[in-house]
Structures are given as structure tokens and as C-alpha cells.
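> sharing a model that was predicted from the sequence below.
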Amino acid sequence: MDKSDATSKQGTEVTAIDRLYDNSVKLIQFARNVAVKQVNTVQLLTYYSLGRWIVEEQQEGSRRAKYGQQVIKKLSVKLSEKFGRGFSEDTLKNCRKFYLIYKDRISETVFELFAVEKSETVFSFFKDQMPFSLQWSHYLVLIRIDNADERSFYEIEAAKSGWNVRTLQRQYNSSLYERLALSRNKDAVLQLASEGNVVTKPEDIVKQPTVLEFLGMEEKAVYVESDLESAIIDKLQKFLLEMGKGYLFEARQKRFTYGEDHFYVDLVFYNRLLRCYVLVDLKTDKLTHQDLGQMQMYVNYYDRYEKLDDENPTVGILLCKEKNDALVEITLPKDANVFASEYRLYLPDKKLLQDKLKEWIAEEDDGN
């Protein structure tokens, strides 16, 4: 065998090993993913079943109120003696609440197969769709949300976006549901509960307000736009999460020249869902008509000189400390792709937003 044949054979062996390695990695990752989903499903079905039995036992003793109150406590003691940690009174109370909220999620057949017959054939029912898409820790957050539509929205978004528990908690604390709902009509609010945040038009990516508490900036501190911009760049991943789905970061202080003048866009993004550029300008003061006009000019430039023929029109967003809806309406044409959103450097008052949303829905009903 000459040298060239040996080299060729060695290259073939390397390629075969690489292929074997790649296939092995993919198999192991698939197996682990299936195992995690299976374990998670078993855990959730177990807690669901425990919750159902607790409710049934308490209802059985409903005429003896004291007995009903003692069910969870006594069961916790016995299970803890048998299995050790993991079945505290708080856990069993959460199981009960979990069942009461999601009791229509599991059919009687599935419950009987799993909890009564202890049959593994129950998993054949979940080939197309699992009854629960998140982990138990996520549902501990969700079962504390009283509003069913809001709870459904966060469950869908957490599953679709792959939120961890900390992100889910942050989005709830920042009143994402209310902020999105307040920027939509009534039909779109109902869609939030059934489908989550579906991005199909520019308005879908604007929140009222935009919450930037993760920047760690003092609300009353004196700062300029460059301070806010630098803080956003330092926390870019969290900023993109707050902005919403489909964002790709392109540049900060992006310069373009028109005629003999230079202009700078604070932040340039591309949204792959809308397939368009999104320009963001930061204003640490009250919004003016000059600010709106300038952003409209930025949008026009990108539409005429940067946008490809198969891309959608550019969107401009002004993040400002204080906006005036009447000013925005009178300054911009009705079909403008320019939006203003106030930013907050602290988490908003959730109850205030909830009351505002209820008031707005009532006005919509009266208008119809």
C-alpha cells in the first residue's frame, strides 16, 4: 500500500468515526430527552392523582369539616414516614390545587389506567400530545394565577418559548399578559389566552409599557440616552427577552448618511417572524413630535435603501420615559409603522394594570 492509499484509508476511518460519533450523540440526546419527558409526565400524573384523591376524600368527609381539614396533614405524616422528604403538607395542598385547576386535562380512562391499574399502557395515549407541557416547578407558579385566561397564556408562552421557571416568574411579575392585552383589541385578547402571543403584524411586538427593571438603573437618577443604551447592551439577552419573539441584534449607533448629513439609530434589530428591520430609539425625556418625525425618517430610509424586495416594511419603536397618545396620533399617518412605548425601570403595579384591563374591556363591551 503506497502512502496516498494509506492517507485515503485513514481519512475514510476518521469520517466513519465522526459519523458514528454524531449518530451516537444524537441518539443519546434523544433518549435523554424522552426520559426527561417521561419522568416529568409521571411526576405530574402522580401529583394530579394525589390531588384528586385528596379532594374526593375531603368531599366524602365534607359533613365533618374538622375531618376534611385533617386529611392533608395525616396523609403528609404517613407518606413522609414511608418515603421521607417530598410529601409535605404544602406539596399535598399544591397537588390538590393542581388537580382542581387542571381536572379536565386528564380523561377518566387515563386516570384509571395510571392511578388505579398502574398500567404502563397509559403512555400510549400521549404519543401525539402530552397532557402537560411544562415541569412541576412551572405549574407551582401557574396555579397561583387566579385568572384562567392569564394562566393559559403563560402556560402556552412558557412551553413555546422554552422559559425556565425564573423567566416565567419574571414575565408574570412584569405583567406581560396585561401589557400585551392593553395594546390589542378584545378579540386579540381572547387569542392571547388560547394561542399565546402570535406575532403577525408590527403591533404585536409592542408592549405598553416596556419594562426594563433588569437594567438595575435608579428610576430617579439623572442619565442620558447613552447611559440607557449602554445598560441595554450590557443586558442584551434580557432586553431581547423583554422585547419579544424573533429578535436578532444587528448594531448600536448604526450610522447612515443621506445627502451630506450623518444620522445614528440607537439600536437596530431584525425580527425573523415579521421579516423586517426594527429600529429602536431611546428617549429619556417626554416624547416630542420631532422625535416621531425623526423615527419616521429613519424608517423611510431603511425601507428605501436597506430593505430587500421580499422583506416587509421597517418598524420603528420609540422607547420613551413619557408618551402622549394624542401627539402620536396627530403627528403620524394612520398607516405608519412607528410606535411609542413608555419604559419602566421598575416592575409595574400588577393590580393597577389588571384594573385598567378590566376597565378597557368593559368600555369595549359598551362600545359594541
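Sure thing, it's come through.
> ends of stretch 344-353, how far apart?
13 Å (Cα to Cα, to the nearest Å).
> what's it in contact with?
For stretch 344-353, the external contacting residues (Cβ atoms under 8 Å, 6 or more residues apart in numbering) are 173-175, 178-179, 182, 209-213, 215, 217-219. Any C-beta I mention is one placed from the backbone N, CA and C, and that applies to glycine too.
> next one: stretch 279-287
If you take Cβ under 8 Å, 6+ apart as the criterion, stretch 279-287 is touched by 223-225, 227-229, 232, 265-269, 291, 294-295, 298-299, 302, 314-324, 327-328, 340.
> same thing with stretch 125-138?
For stretch 125-138, using Cβ under 8 Å, 6+ apart, the contacting residues are 37, 40-41, 43-45, 47, 102, 105-107, 109-110, 113, 139, 142, 155, 158-159, 163, 165, 168.
> any of the residues you listed buried? List them.
40-41, 44-45, 47, 102, 106, 110, 113, 139, 142, 155, 158, 163, 165, 168 (16 or more other Cβ atoms under 10 Å).
> between its first and last residues, how far does stretch 170-179 reach?
First-to-last residue span, stretch 170-179, Cα to Cα: 14 Å.
> separation between residue 239 and residue 262?
26 Å (Cβ to Cβ, to the nearest Å).
> look at the two and report which has more neighbours.
More crowded of residue 239 and residue 262, by other Cβ atoms under 10 Å: residue 239, with 21 against 9.
> name the element that one belongs to?
helix 236-243 (DSSP states H and E).
> hang on, the earlier thing: let's see which of the contacts of stretch 344-353 end up in helices.
Among these, the ones falling in helices (DSSP state H) are 173, 178, 179.
> okay, and the most centrally placed residue in the chain sits in which element?
With distances taken as Cα atoms, centre = their mean, residue 157 lies nearest the centre of the chain, 4.3 Å away. In this assignment (DSSP H and E), residue 157 forms part of helix 148-161.
> that helix vs helix 236-243, what angle?
Orientation of helix 148-161 against helix 236-243 (axes from the mean of the first three to the mean of the last three Cα atoms, to 10 degrees) gives an angle of 140 degrees.
> how about the helices of the protein, start to end?
Using DSSP H, helices in the chain cover 3-60, 65-83, 89-102, 108-111, 136-142, 148-161, 165-173, 176-181, 186-195, 225-234, 236-243, 289-305, 325-331, 350-367.
> out of those helices, which is the most enclosed?
Stretch with highest mean neighbour count among those: helix 176-181 (a mean of 24; mean count of other Cβ atoms under 10 Å).
> chain center to that one, what's the gap?
Helix 176-181 sits 11 Å away from the centroid of its parent chain (Cα atoms, centre = their mean, to the nearest Å).
> show me where pLDDT drops low in the stretch 251-368 of the chain?
For the stretch 251-368 of the chain, the stretches with pLDDT under 70 are 360-361, 363-368.
> try it again at 80.
Across the stretch 251-368 of the chain, the ranges flagged by pLDDT under 80 are 346-350, 352-353, 356-368.
> now the stretch 101-250 of the chain
Checking the stretch 101-250 of the chain against pLDDT under 80 turns up 120, 123-130, 182-191, 193-194, 198, 200, 205-206, 208, 213-224.
> mind doing that once more with 70?
Ranges of the stretch 101-250 of the chain meeting pLDDT under 70: 127-128, 185-186, 218-223.
> now do the same end-to-end measure for stretch 129-147.
Terminal residues of stretch 129-147 are spaced 25 Å apart (Cα to Cα).
> from the chain's centre, how far out does that stretch sit?
13 Å.
> re earlier: check what contacts the helix holding residue 239 and list those residues.
With Cβ under 8 Å, 6+ apart as the criterion, helix 236-243 contacts 167, 174, 205, 207, 210, 211, 212, 214, 232, 247, 249, 269.
> quick one on the thing from earlier: pull the contacting residues for the residue nearest to the centre of the chain.
Residue 157 makes contacts with 163, 171, 176, 196, 197, as judged by Cβ under 8 Å, 6+ apart.
> residue 54 against residue 73, yeah?
No - look at residue 54 against residue 73 with Cβ atoms under 8 Å: they stay out of range, at 11.1 Å.
> sorry, back to before: CSV for the contacts of residue 157, including distance to residue 19?
Putting the contacts of residue 157 into CSV (distance: Cβ to Cβ, whole Å) gives the following:
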residue, distance to residue 19
163, 35
171, 41
176, 44
196, 39
197, 40
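> show me which of the residues you listed is closest to residue 92.
Nearest to residue 92, judged by Cβ to Cβ, of the contacts of residue 157 is residue 163 at 26.5 Å.
> phi and psi next, for that closest one.
phi -70, psi 140 (degrees, to the nearest 10).
> residues contacting it?
With Cβ under 8 Å, 6+ apart, residue 163 has these contacts: 138, 157, 171.
> centre of the chain to stretch 87-105, how far?
Using Cα atoms, centre = their mean, the offset of stretch 87-105 from its chain centre is 24 Å.
> so which of the contacts of helix 236-243 are in strands?
For those, membership in strands holds for 210, 211, 247, 249, 269, with DSSP state E as the criterion.
> now, of these, which are buried?
Buried by 16+ other Cβ under 10 Å: 210, 211, 247, 269, out of the ones in strands among the contacts of helix 236-243.
> out of these, what pair is the most spread apart?
Most distant of those, by Cβ to Cβ, are 211 and 269, 17.7 Å apart.
> out of the contacts of helix 236-243, who's nearest residue 32?
Using Cβ to Cβ, those come closest to residue 32 at residue 167, 22.1 Å.
> could you find the closest non-adjacent residue to that closest one?
residue 241 (6.9 Å; Cβ to Cβ, 6 or more residues apart in numbering).
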